[in-house]
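Q: model the following, please.
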Amino acid sequence: MEISLDIMKDKVECLQAYDFQELERAIDERMGVNKALLLRVKLVQHQVTFDPVRNKMLYSAVVHFAVD
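A: Below is the predicted model of the structure:
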């Protein structure tokens, strides 16, 4: 059995929620998890669109984490 200890340099996560505050909480939670991996937020892109099935706004974000 071989164990590889490569350093993760970049990571991209996609998140979505029907409430903007819930999306912010999800981003904060992922920031805490990735901080343990020594990754920091490099870029956040967000978008909002209307979901006709639920008749609600759907908020989404793509968060790019990278090594400082």
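Q: what is the end-to-end distance of stretch 44-62?
A: 6 Å (CA to CA, to the nearest Å).
Q: can you list contacts of it?
A: 12-20, 23, 27, 63-64 (CB atoms under 8 Å, 6 or more residues apart in numbering). Bear in mind the C-beta positions are built from the backbone N, C-alpha and C, glycine included.
Q: could you tell me which of these belong to helices?
A: Those of those mapping onto helices are 20, 23, 27, per DSSP state H.
Q: which residues sit in contact with the first one?
A: By CB under 8 Å, 6+ apart, the contact list for F20 reads Y59.
Q: what about 10 Å?
A: 46, 48, 57, 59, 61 (CB atoms under 10 Å, 6 or more residues apart in numbering).
Q: just the buried subset of those, written out for ChimeraX, thanks.
A: To isolate in ChimeraX the members of the contacts of F20 that are buried, counting by 16 or more other CB atoms under 10 Å, one can use:
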select :59,61
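Q: before we move on, the earlier item: out of the contacts of stretch 44-62, which are buried?
A: 15-17, 23, 27, 63.
Q: spatially, which two of the residues you listed are the most separated?
A: A17 and V63 (13.1 Å; CB to CB).
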